[in-house]
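Enquirer: following is a predicted model, sequence given first.
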Amino acid sequence: MNALNQILAHYNQWITIFLMVSGLYIVIARGNMIKKLVGLSLFQTSVYLLFLSSGKVLGGTPPIVAAGISVYTHPLPHVLILTAIVVGVATLALGLALVVRINEAYRTIEEDEIFAREDKA
Amino acid sequence: MQAQLPALQVVLPLFGALLAAMVRRSRPAYGITVIVSLLMPVISWLLLVQVRNEGPISYVFGNWSAELGIEYRIDLVNALLLVLVSTVGAVIIPFARKSVAAEIPEDRIAWFYSVYLLCMCGLLGVAITGDAFNVFVFLEISSLATYILIALGRDRRALLAAYQYLIMGTIGATFYVIGVGMLYAMTGTLNLAMIAERIVDIETTRPVLAALAFIVVGISLKLALFPLHVWLPNAYAYAPSFATVFLAATATKIAIYLFVRFLFSVFGVGLVFTDLPVSFILIVLSVAAMFGAATVAVFQSDIKRMLAYSSVGQIGYITLGIALANLNGLTGGMVHVLNHALIKGALFMAIGAVVFRAGSCAIEDIAGIGRRMPITMSAFVIAGFGLIGVPGTAGFVSKWYLIIASLDKGWWWLAFLIVASSVIAVVYVGRVIEVAWFREPNDALKGVKDPPLEILAPILIMVFAIVYFGVDADLTAGLASEAAEALLAGLR
């Protein structure tokens, strides 16, 4: 029972790990270039959770100064993750743009088909 | 003015990139790039001189204390890297104009220069900043710019190479930021020097060890440590020649800087090399790179690809020096960072010149090209000697330090492996020399001659530097050994 409580108490970490591993698995296991990018995004998103949940103070309010409130959630992780989200969006956008160009050049976005074609050439 | 130099080092290329993107036309964009590229080394050399005279520089943004804000911190190690990146950028910029005009459609040239400056901004930023998260941001700026530079290559396989690098590079950067997140959760700070201070008491806790693992693997992807190098050969082979020159000379070197910064300055020699088997793992992987990647290089038919595989092997020498973790080894690693940048810069530029004139760098297409482009190919031969480590070239100096360092440890077998792996370089460099110089030129090369001076001059400057620093290594090896001492002393 104690061990179960231990596990449940860190549920945020388990969600992080689940997202991280499933994202990475999709990147490795899928041959479709769009699906790979989806996996990559999932993988990056898990990091947002890792940072944000470690900055959360139990019972703390959003970090905005207001009368009568003394416990705030740590604001710095939010700022960092705001930056990381921008980076993630830029990466995803560039990745999708590349896939569009690859589709124009090869008429497919399946990696194994492209590699088979390149090996023949 | 002097006080603002650290900020200018990063802000100037950033604004240059914006300007180049706004003017949209190729000639003014190139002009902007030239101005920025020539100003960069002025700033970095001034910083290096200041660091040598007065010790590490700390620059806090917006006067926020380092605890709260972002601190730029420059010591000998990153001053050296700033000098390397900016000087290489200035030397190779004359090469860019005609090479880029020949390989990239007119309407994209301004974009190319804009992205090139962004890439430089990112690399300099990684080197200069003292904030772990800021490193991530700059790393991604340079990486995203790199993907675009690669994708601008002529071959459609360039798109594929860029896509694969994007996947691998993003995984690497995300691993890095996961590690930083754990360090942040444990120490409550992102400032590298403060992490180093606070980590001492908790260095055997599991999150710190996990952070070390994530950061090492993440950066290893970026620096193309064998076997995490698979993105590199295609990326270098299909990128535009000028982009390949710049990336080969600087991008992996910055990742190596980050690697040593974390291993030595943040986690500390005691934890990484004494308590954990990092040294053993690194030596195995480095030796595998020195032999494995170099052997693959022998069988490449495309010379750019061959040189790319050779880069993976050469990175093996650098990581070997890091893994030895003694003064001579680290000096050898750091001096090879400089020397390899010169050597690979010269080799890729020589091949870029061949592509410029002959339109191909496949080995069967360049038979006898030595007689058509004698100056270029002579430069290739000398730089190739540097790659092998022939005495009298810069490559010899690096290998000398590495061999001494292995003998210091009493590992004569490692010294033997360093010499033996150089023989493989003899084979792949020799193969190009044989085809280029000792075969009859074929008809396709009729009318091909040495490139114009603006392409030739940067090659000759680099080759001169390779020979000069091979004969008189006081400057390079001296700075590298000072940097190695600073690294071994740690940030604490």
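Expert: Structure received.
Enquirer: wait, isn't residue B:271 in contact with residue B:203?
Expert: Yes - with contact defined as CB atoms under 8 Å, residue B:271 reaches residue B:203; the gap is 4.9 Å. Placement of C-beta: from N, CA and C, glycine included.
Enquirer: where along chain A do the helices fall?
Expert: Ranges of helices in chain A, per DSSP state H, are A:2-9, A:11-29, A:33-55, A:75-106, A:111-120.
Enquirer: how about CSV for the ones you listed, with mean neighbour count and distance to chain B added?
Expert: Compiled in CSV, the helices of chain A are given as follows (neighbours: other CB atoms under 10 Å in any protein chain shown; distance: least, CB to the nearest CB, whole Å):
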stretch, mean neighbour count, distance to chain B
helix A:2-9, 8, 14
helix A:11-29, 15, 6
helix A:33-55, 20, 4
helix A:75-106, 17, 4
helix A:111-120, 12, 6
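Enquirer: export the ones you listed as CSV, with columns for mean pLDDT.
Expert: Formatted as CSV, those follow (pLDDT from 0 to 100):
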stretch, mean pLDDT
helix A:2-9, 81
helix A:11-29, 91
helix A:33-55, 91
helix A:75-106, 92
helix A:111-120, 81
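Enquirer: average pLDDT for the helix or strand containing residue B:433, rounded please.
Expert: Using DSSP states H and E, residue B:433 sits within helix B:412-438. Mean pLDDT, helix B:412-438: 89.
Enquirer: buried residues, it. List them.
Expert: Neighbour-count burial for helix B:412-438, counted by 16 or more other CB atoms under 10 Å in any protein chain shown, picks out B:414-415, B:417-418, B:421-422, B:424-426, B:428-429, B:431-433, B:435-437.
Enquirer: what helices and strands are in contact with it?
Expert: Where contact means 3 or more CB pairs under 8 Å, 6 or more residues apart in numbering or on different chains; DSSP states H and E, helix B:412-438 is packed against helix B:278-288, helix B:294-298, helix B:303-324, helix B:369-372, helix B:374-388, helix B:394-408.
Enquirer: touching the helix or strand of chain B with the lowest mean pLDDT from outside, list them.
Expert: The helix or strand of chain B with the poorest confidence is helix B:269; it has a mean of 80 (mean pLDDT, DSSP states H and E). Helix B:269 has contacts (CB atoms under 8 Å, 6 or more residues apart in numbering or on different chains) with B:263, B:325, B:488, B:490.
Enquirer: if you set the cut-off to 10 Å instead, what comes out?
Expert: For helix B:269, contacts defined as CB atoms under 10 Å, 6 or more residues apart in numbering or on different chains pick out B:263, B:279, B:325, B:326, B:330, B:487, B:488, B:489, B:490.
Enquirer: select only the buried ones of the residues you listed in ChimeraX?
Expert: To isolate the buried subset of those in ChimeraX, counting by 16+ other CB under 10 Å, use the following:
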select /B:263,279,325,326,330,487
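Enquirer: which single one of the contacts of helix B:269 is nearest to chain A?
Expert: Distance to chain A, by CB to the nearest CB, is smallest for residue B:263 among the contacts of helix B:269, at 22.2 Å.
Enquirer: quick check: closest non-adjacent residue to the closest one.
Expert: Nearest non-adjacent residue to residue B:263, counting by CB to CB, 6 or more residues apart in numbering or on different chains: residue B:272, 5.0 Å away.
Enquirer: over to residue B:396?
Expert: Spatial nearest neighbour of residue B:396, excluding adjacent residues (CB to CB, 6+ apart): residue B:389 at 4.9 Å.
Enquirer: repeat that for residue B:33.
Expert: Per CB to CB, 6+ apart, closest to residue B:33 is residue B:113, 4.5 Å.
Enquirer: where does that neighbour land on pLDDT?
Expert: On the pLDDT scale, residue B:113 gets 93.
Enquirer: just the element for it, please.
Expert: helix B:109-128.
Enquirer: do residue B:134 as well
Expert: helix B:132-151.
Enquirer: and that helix with chain A, contact?
Expert: Yes - looking at helix B:132-151 against chain A by CB under 10 Å from any CB of the partner chain, the contacts come from B:133-134, B:136-137, B:139-141, B:143-145, B:147-148, B:150-151.
Enquirer: now do that helix: distance to the chain's middle.
Expert: The chain centre lies 14 Å from the centre of helix B:132-151; the measure is CA atoms, centre = their mean, to the nearest Å.
Enquirer: over to stretch B:353-366?
Expert: 24 Å.
Enquirer: and for stretch B:273-286?
Expert: The answer for stretch B:273-286 is 22 Å, by CA atoms, centre = their mean.
Enquirer: and the residue of the stretch 351-492 of chain B found nearest chain A, what pLDDT?
Expert: Closest contact between the stretch 351-492 of chain B and chain A, by CB to the nearest CB, is at residue B:362 (13.6 Å). At residue B:362, the predicted lDDT confidence score is 84.
Enquirer: just residue B:204 next, same as before
Expert: Residue B:204 is given a pLDDT of 82.
Enquirer: next up, the contacts around it.
Expert: Taking CB under 10 Å, 6+ apart as the definition, contacts of residue B:204 comprise B:271, B:275, B:276.
Enquirer: distance of it from chain A?
Expert: Relative to chain A, residue B:204 is positioned 20 Å away (CB to the nearest CB, to the nearest Å).
Enquirer: now do residue B:242
Expert: Residue B:242 is 20 Å from chain A, by CB to the nearest CB.
Enquirer: isn't there a helix covering that residue?
Expert: Yes - the assignment for residue B:242 is a helix, going by DSSP: H, G, I helix; E, B strand; the rest coil.
Enquirer: burial of it, as a residue count?
Expert: 26 (other CB atoms under 10 Å in any protein chain shown).
Enquirer: got the contact list for it?
Expert: B:92-93, B:95-100, B:102-104, B:112-113, B:116, B:149, B:348-349, B:352.
Enquirer: name the element residue B:214 belongs to?
Expert: According to DSSP H and E, residue B:214 maps onto helix B:206-223.
Enquirer: measure how that helix sits relative to helix B:109-128, angle-wise.
Expert: Interaxial angle of helix B:206-223 relative to helix B:109-128 (axes from the mean of the first three to the mean of the last three CA atoms, to 10 degrees): 140 degrees.
Enquirer: list the buried residues for helix B:206-223?
Expert: Within helix B:206-223, the residues scored as buried using 16+ other CB under 10 Å are B:208-209, B:211-223.
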